[in-house]
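Enquirer: Here's a sequence, model it:
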Amino acid sequence: MGRVLRLDLSGTPTSWLSCEDAAVLYVKDLVKWELGKKNLILLGGFNRISGEQSFLEISPVIATKGDIHHRRRTAGFNNQMLFRRDNYRCMYCGTQHTHAELTRDHVIPRSKGGPDIWENVVAACRRCNQFKADRTPEAAGMALLAVPFRPNVFESMFLAQHTVLADQMEYLEKQFTGNRDWKAA
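Expert: Numbers count the residues shown, from 1 in each chain. Next up is the predicted model:
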């Protein structure tokens with residue numbers, strides 16, 4: 001079953017929820033508005049008198065009130081998110097690769113004080129990363145195909161989730177920065 005995109009009341013993404021966690025928010029009357037087709041259905045028990053089974057329809061995007069414990073927890077990054085951001089493409093030679101064939105390259109090498117942050121890392125194939133070694137792209141005579149950037153919270157939510165439903169993608173992509181072609185990712 002798919003995940004539910006949780007928003008705060010202003011429409012800012014806060015987390016991905018399981019259907020069960022979303023159901024708890026519905027039952028506690030914390031869901032204040034929702035978007036998308038209610039295609040996630042949780043089945044309950046059977047009424048002993050009528051024999052009818054209870055069910056709860058859950059929207060793929062819900063806005064809730066109440067305490068948000070994991071607000072914007074996707075601000076960090078990992079290789080999976082980095083490779084998705086760069087569309088599994090080496091940012092030096094432009095070739096698309098599998099996750100296992102890519103490495104994290106620091107544009108300004110760590111040995112030269114380069115930080116391990118979104119704005120200083122790109123996906124690189126092993127061949128290009130080894131050729132670049134501990135040099136800057138300019139010193140190695142290599143051009144970057146795209147400038148590394150920090151995804152906003154909407155892009156981070158997309159990058160953090162493996163499967164994004166169409167209604168969720170439609171909501172998130174309205175706030176994308178336009179730095180990459182996310183539909184190809």
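Enquirer: Tell me where this structure has helices.
Expert: In the chain, the helices defined using DSSP state H lie at 19-27, 79-85, 126-132, 137-140, 153-160, 166-173.
Enquirer: What about the chain, which residue is the most distant from its middle?
Expert: Using C-alpha atoms, centre = their mean, the residue of the chain lying farthest from its centre is I49. It sits 45.3 Å away.
Enquirer: Could you pull up phi and psi at it?
Expert: phi -90, psi -50 (degrees, to the nearest 10).
Enquirer: before we move on, the earlier item: so for Q53, which of the helices of the chain sits nearest?
Expert: Across the helices of the chain, Q53 has its closest neighbour in helix 19-27 (15.0 Å, C-beta to C-beta). The way it works is simple: take the backbone N, C-alpha and C, and place the C-beta from them, glycine included.
Enquirer: Rounded mean pLDDT for that closest one, please.
Expert: What helix 19-27 shows for mean pLDDT is 93.
Enquirer: chain center to that helix: distance?
Expert: Computed by C-alpha atoms, centre = their mean, to the nearest Å, the chain-centroid distance of helix 19-27 equals 21 Å.
Enquirer: what do you get for stretch 95-102?
Expert: Distance of stretch 95-102 from the chain centroid (C-alpha atoms, centre = their mean) equals 19 Å.
Enquirer: Tell me the span between the first and last residue of that stretch.
Expert: 10 Å (C-alpha to C-alpha, to the nearest Å).
Enquirer: now do stretch 66-83
Expert: End-to-end span of stretch 66-83 (C-alpha to C-alpha): 34 Å.
Enquirer: and stretch 153-172, which residues are buried?
Expert: 154-161, 164-165, 167-169, 171-172 (16 or more other C-beta atoms under 10 Å).
Enquirer: Please tell me the pLDDT value assigned to the residue nearest to Y26 when sequence neighbours are not counted.
Expert: Of all residues beyond its chain neighbours, the one nearest Y26 is L56 (6.2 Å), with distances taken as C-beta to C-beta, 6 or more residues apart in numbering. You'll see L56 listed with a pLDDT of 92.
Enquirer: wouldn't L56 be in contact with V24 here?
Expert: No. Using C-beta atoms under 8 Å, L56 makes no contact with V24, being 10.4 Å away.
Enquirer: how deep is L40 tucked in, by neighbour count?
Expert: 19 (other C-beta atoms under 10 Å).
Enquirer: coming back round to it: going by distance to L42, which of the buried residues of stretch 153-172 wins?
Expert: The nearest member of the buried residues of stretch 153-172 to L42, counting by C-beta to C-beta, is L165 at 16.0 Å.
Enquirer: In contact with that closest one, which residues?
Expert: Counting by C-beta atoms under 8 Å, 6 or more residues apart in numbering, L165 touches 2, 36, 60.
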